[in-house]
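J.: The following comprises the amino acid sequence and a computationally predicted model.
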Amino acid sequence: MVTDGAVSEILVYPTMFLSASCVFALTLSWLIVTNTNACPCNQKYKDISPSANVFESAVLPNETCCLPAVGNGYLATVVYSDTIYVNGVYNGRGGASHRARIPSTAAIQVSLPSNVSVSKESYSLDLENGTFHRKVTTKEALIEQRLYAHQELSYILVNQIIISRRGPTTDPIILKLVNNTGINSKDINFKNTAPDEGTRMMYGNTVESETSTSSTISVAVNWTIIPDSITLPSNQDSKTWTFITAIGPNRMIAVASHMHATQMALEGILYSNHCRAWQDKWLHGQIEVDDITLSKAIHGSMYYILSSLPSLNYDVQTTPYHFYGLSPGGLAHGRIATDYQGHVFWDQETWMYPTMLLFHPKLGRAMLESRTYHLDAAKELAKSRGYQGAEYPWEMAYTGAEVCPAEIYSLQEIHINGDISFAVQQYLHVLRDVDFLKNRRGYEMISELAKYWESRVEFNNASGYYEIKGVKPPDEYHSNVNNSVYTNSVAQVSLLLPAYAGKFINVTAPPAWTEIADKLLILYNTTHEYHPEYEGYEIGTTVKQADSILLGFPLNVKMDNVSRYNDLQTYQPVTDPNGPAMSWSMFSIGYGEVQQPDKQREMFLRNFKNIQQPFRVWTETASGHGAVNFITGMGGFLQSVLFGYGGFRILPDHLLFNFDLPKGTTKFEVRGLDYLGSEIDFIATEKTVLVTLTDQQQGAAKLQMETAQGTVYDLVKGKPVLINRISWALIKEV
Ligand SMILES: *[C@@H]1O[C@H](CO)[C@@H](O)[C@H](O)[C@H]1NC(C)=O
Ligand SMILES: *[C@@H]1O[C@H](CO)[C@@H](O)[C@H](O)[C@H]1NC(C)=O
Ligand SMILES: *[C@@H]1O[C@H](CO)[C@@H](O)[C@H](O)[C@H]1NC(C)=O
Ligand SMILES: *[C@@H]1O[C@H](CO)[C@@H](O)[C@H](O)[C@H]1NC(C)=O
Ligand SMILES: *[C@@H]1O[C@H](CO)[C@@H](O)[C@H](O)[C@H]1NC(C)=O
Ligand SMILES: *[C@@H]1O[C@H](CO)[C@@H](O)[C@H](O)[C@H]1NC(C)=O
Ligand SMILES: *[C@@H]1O[C@H](CO)[C@@H](O)[C@H](O)[C@H]1NC(C)=O
Ligand SMILES: *[C@@H]1O[C@H](CO)[C@@H](O)[C@H](O)[C@H]1NC(C)=O
Ligand SMILES: *[C@@H]1O[C@H](CO)[C@@H](O)[C@H](O)[C@H]1NC(C)=O
Ligand SMILES: *[C@@H]1O[C@H](CO)[C@@H](O)[C@H](O)[C@H]1NC(C)=O
């Protein structure tokens with residue numbers, strides 16, 4: 001049996017946790033270090049499905065780190081594990097805040113008697129329909145199990161078991177069911193109510209609040225009783241059992257959701273509805289290539305990130321729950337001392353967000369709103385540290401207070417405050433959403449962030465530059481450095497953003513912010529023509545992960561080709577090969593920019609080392625250590641596809657693209673990309689790119705496409721335009 005929460009007493013904690021963004025051991029000294037093993041999936045298992053949308057194994061891995069998850073942004077679970085997690089439900093004070101374990105009422109296994117001979121068995125993840133399947137064929141029957149987190153009913157997890165008779169016997173078929181509820185939760189004080197109508201209910205509050213002034217969190221679970229066995233009667237050929245788990249913030253919502261799902265199951269539309277919602281999602285955002293390994297890596301990355309995000313109809317003003325943001329391990333991971341405890345880092349904005357923004361701007365907004373929601377907490381944090389404006393914590397969970405267990409990160413890794421602004425900037429380029437700025441605290445947030453930087457910089461009289469001292473850059477192997485080139489660059493974006501965004505809502509930003517931005521020190525070494533990571537950086541010093549090279553992409557800092565190339569060549573050899581996955585995607589994009597296709601590909605292929613068979617779960621490091629399921633790495637990987645090989649750039653007045661075909665492919669399709677209220681499909685082949693505007697919102701901007709050769713086309717719904725693939729083209733408002 002797979003255990004997750006059940007081991008939470010004997011904390012499993014890899015000592016080789018080099019890449020942890022927060023070294024838990026620093027403050028949680030009571031941790032018992034027991035596990036130094038890497039996730040072994042690639043040595044033991046194999047995906048045997050020929051489909052780009054299915055990951056399949058003949059055996060069920062018994063290591064949790066190899067197993068896939070199902071989720072819908074509100075709830076998620078690793079299949080067959082003893083734990084369900086709910087978005088925003090954390091237990092523990094301060095740095096101990098971690099996802100609260102809900103004993104799983106959805107981990108049901110059909111147990112086959114030992115004298116039954118199985119002729120075929122498979123475990124598969126169907127990405128197209130967001131469903132995990134087990135299929136068993138015996139002499140007497142076909143047994144199928146589906147597990148899915150419902151895409152339309154956020155509070156619902158479903159198990160369906162279907163027994164279909166095969167062969168001549170008419171004997172009743174009896175199958176034993178076992179569950180994997182695990183031990184009681186140590187995170188939530190659950191009480192049980194009396195069973196009712198074939199269901200049970202547990203409800204309670206988390207044990208300890210995140211801060212001394214915040215409240216504990218209430219959760220209620222209503223689930224269909226799991227019998228010891230199920231029987232297909234002798235007079236029946238086939239039967240479906242539906243086991244529904246409904247989880248909500250209170251008993252009323254859990255009961256109402258359970259009832260709603262039960263009704264849909266009775267009408268036979270529970271599963272088909274769920275499938276349709278996923279299919280709709282794919283229709284409005286997917287990347288297809290004609291290389292099966294690459295395709296699977298892309299589809300898997302999209303699936304895992306999307307299953308930690310709300311459904312497409314999520315709207316912060318009408319959806320009854322609040323989305324608390326993406327964590328590096330996704331929603332199905334985050335117990336204490338592992339997988340970053342479910343906290344939200346810059347990983348959300350810098351790594352997962354850009355691709356999601358272009359495919360599903362609403363989900364992009366949901367991520368930004370996970371920040372605006374905690375704006376008051378960020379203002380508090382700035383104040384408590386003697387700064388103005390808003391300072392976001394390095395790690396955020398339920399309250400928006402700092403929950404990073406190690407102070408050096410929380411005090412110094414302040415680039416997060418620029419990362420959030422940069423995400424807003426991209427959002428405005430793609431959507432020009434005035435409502436977000438005006439009515440959803442968007443403008444207020446970016447102003448408060450600029451105000452923070454204004455109070456954080458120091459003016460150097462001797463040089464005439466503003467400086468930022470005492471920071472930890474993205475390369476976390478260094479602390480207390482001055483003028484981190486990435487931090488200062490992203491702070492500059494943050495200081496300039498209010499003036500730009502203000503134009504959409506007729507607000508004038510204080511001119512001081514622009515002045516500071518213009519005089520903010522951005523280090524550059526004129527001898528070696530590259531960007532030193534921080535003041536005093538010596539060429540050859542090992543770095544943990546992509547840092548200075550982020551200036552070229554994603555920040556689009558203006559520089560010549562030589563500097564871009566030198567940055568890549570300086571840092572690539574000294575980037576820790578055992579650092580977190582996402583670095584290589586940024587090197588890949590960079591080498592693409594300076595036209596080094598072999599290096600671009602070499603860096604691109606490094607991503608694949610982090611992908612674990614058979615379900616393509618990612619580990620944080622190539623050696624199989626660190627957080628699983630590392631959706632940060634997937635976010636980087638998807639960027640190296642879309643912004644790397646696709647050449648997309650989100651710029652103030654246009655969307656640029658420049659397709660290159662990854663080696664081994666002859667067709668590269670980007671479907672459902674959103675730009676200024678229009679949806680666009682791109683199909684790149686050896687010589688051409690076919691661009692089709694497929695849908696346009698009412699009142700959306702009229703769009704034109706312009707090629708490098710200067711040819712201009714109107715983009716009109718349903719009228720495909722074919723252009724040469726040899727160089728870039730752009731799409732802009734007429
Ligand atoms: C996992 O399963 C394999 C074969 O099914 C077994 O040999 C091994 O001992 C199991 N490992 C654990 C940790 O249960
Ligand atoms: C799982 O089975 C055990 C033992 O039969 C039982 O005590 C427990 O209540 C079951 N859990 C669920 C969720 O039905
Ligand atoms: C398996 O064994 C059980 C008793 O242990 C018996 O009732 C059943 O008929 C057997 N099934 C087969 C397929 O032999
Ligand atoms: C998804 O479900 C549909 C039926 O709703 C089915 O036709 C399709 O094959 C499924 N997709 C995969 C990848 O299994
Ligand atoms: C669970 O929900 C159902 C609605 O489907 C309701 O009838 C039942 O009373 C609830 N169970 C409990 C124990 O509250
Ligand atoms: C910086 O220079 C200005 C004018 O040149 C002066 O008024 C100010 O005192 C100086 N500040 C420091 C800290 O030296
Ligand atoms: C950073 O600046 C501080 C304050 O000016 C100074 O004391 C420190 O030596 C500088 N650190 C480095 C590494 O240059
Ligand atoms: C800003 O001002 C212009 C001109 O005064 C007006 O047309 C526009 O509607 C205003 N925009 C907003 C968002 O208030
Ligand atoms: C450039 O870097 C080299 C090597 O680290 C250093 O010796 C030199 O002083 C730097 N030059 C400038 C202008 O910063
Ligand atoms: C950029 O520099 C690289 C390395 O020197 C070179 O191969 C490439 O052709 C240059 N690209 C452009 C656009 O100048």
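T.: Everything's here; your move. If you're wondering where the values come from, they're calculated on a predicted model, not measured in any experiment. Numbering: from 1, shown residues only. Ligands and ions are numbered 1, 2, ... in the order given.
J.: alpha carbons only for contacts and neighbour counts from here, please
T.: Will do.
J.: before we move on, what SS does the closest residue to F587 other than its chain neighbours have?
T.: Spatial nearest neighbour of F587, excluding adjacent residues (CA to CA, 6 or more residues apart in numbering): M603 at 6.2 Å. Here M603 is recorded as helix under DSSP: H, G, I helix; E, B strand; the rest coil.
J.: Surely M603 is in contact with G590?
T.: No - under the criterion of CA atoms under 8 Å, M603 is not in contact with G590, lying 9.8 Å apart.
J.: More neighbours: these two, which one.
T.: G590 (27 against 22; other CA atoms under 10 Å).
J.: returning to that earlier point: what's the distance between the residue nearest to F587 and Q425?
T.: To Q425, M603 is 28 Å away according to CA to CA, to the nearest Å.
J.: cool, and L177?
T.: 52 Å.
J.: Find out how far stretch 626-646 is from the centre of the chain, if you would.
T.: Centre-to-centre, stretch 626-646 and its host chain are 9 Å apart (CA atoms, centre = their mean, to the nearest Å).
J.: Compute the first-to-last residue distance for it.
T.: 30 Å.
J.: Same check on stretch 549-565?
T.: Stretch 549-565: ends 9 Å apart by CA to CA.
J.: cool, and stretch 672-690?
T.: Stretch 672-690 end-to-end distance (CA to CA) = 13 Å.
J.: State the mean pLDDT of it.
T.: The pLDDT scores in stretch 672-690 average 98.
J.: If you count neighbours, what's buried in that stretch?
T.: Buried positions in stretch 672-690, judged by neighbour count with 16 or more other CA atoms under 10 Å: 672-685, 689-690.
J.: from those residues, which is closest to ligand 9?
T.: Closest approach between the buried residues of stretch 672-690 and ligand 9, by CA to the nearest ligand atom: Y675, at 41.1 Å.
J.: neighbours of the closest residue to the closest one other than its chain neighbours, just the number please.
T.: Nearest residue to Y675, sequence neighbours excluded (CA to CA, 6+ apart): V430, at 5.3 Å. Using other CA under 10 Å, V430 has 22 neighbouring residues.
J.: Could you grab the helix/strand/coil label for V430?
T.: Strictly by three-state DSSP, V430 counts as helix.
J.: show me the contacts for it.
T.: Contacts for V430 (CA atoms under 8 Å, 6 or more residues apart in numbering) come out as L358, P361, I650, D674, Y675, L676.
J.: Counting by contacts, list what the helix or strand A382 falls within packs against.
T.: Using DSSP states H and E, A382 sits in helix 375-384. Applying 3 or more CA pairs under 8 Å, 6 or more residues apart in numbering; DSSP states H and E, one finds that helix 375-384 makes contact with helix 442-456.
J.: Need the CA coordinates for the helix it packs on. PDB is fine.
T.: Presented in PDB, the C-alpha positions along helix 442-456 are these (Å, rounded to 0.1, in the frame of the first residue of the first chain):
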ATOM      1  CA  GLY A 442      -4.200  45.000  -9.200                       C
ATOM      2  CA  TYR A 443      -3.000  48.600  -9.400                       C
ATOM      3  CA  GLU A 444      -2.900  49.000  -5.700                       C
ATOM      4  CA  MET A 445      -0.600  45.900  -5.400                       C
ATOM      5  CA  ILE A 446       1.900  47.000  -8.000                       C
ATOM      6  CA  SER A 447       2.000  50.500  -6.500                       C
ATOM      7  CA  GLU A 448       2.600  49.100  -3.000                       C
ATOM      8  CA  LEU A 449       5.400  46.900  -4.500                       C
ATOM      9  CA  ALA A 450       7.000  49.900  -6.100                       C
ATOM     10  CA  LYS A 451       6.700  51.800  -2.800                       C
ATOM     11  CA  TYR A 452       8.400  48.900  -1.100                       C
ATOM     12  CA  TRP A 453      11.400  49.100  -3.500                       C
ATOM     13  CA  GLU A 454      11.600  52.800  -3.100                       C
ATOM     14  CA  SER A 455      12.100  52.300   0.600                       C
ATOM     15  CA  ARG A 456      14.400  49.400   0.200                       C
END
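J.: Need the max-distance pair from the contacts of V430.
T.: P361 and I650 (12.9 Å; CA to CA).
J.: From H625, how far off is S104?
T.: On the measure of CA to CA, S104 and H625 end up 26 Å apart.
J.: Among the buried residues of stretch 672-690, pick out the one closest to ligand 8, please.
T.: L676 (16.3 Å).
J.: Give me the buried stretch members for stretch 373-393, please.
T.: 373-382, 387-393.
J.: mind checking the end-to-end distance for it?
T.: Taking CA to CA, stretch 373-393 runs 13 Å from one end to the other.
J.: Identify all contacting residues around it.
T.: 399-404, 410, 414, 416-417, 445, 447-452, 454-456.
J.: Just the buried subset of the residues you listed, written out for PyMOL, thanks.
T.: One line in PyMOL is enough to select the buried ones among the contacts of stretch 373-393; burial here means 16+ other CA under 10 Å:
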select buried, resi 399+400+401+402+403+404+410+414+416+417+445+447+448+449+450+451+452+454+456
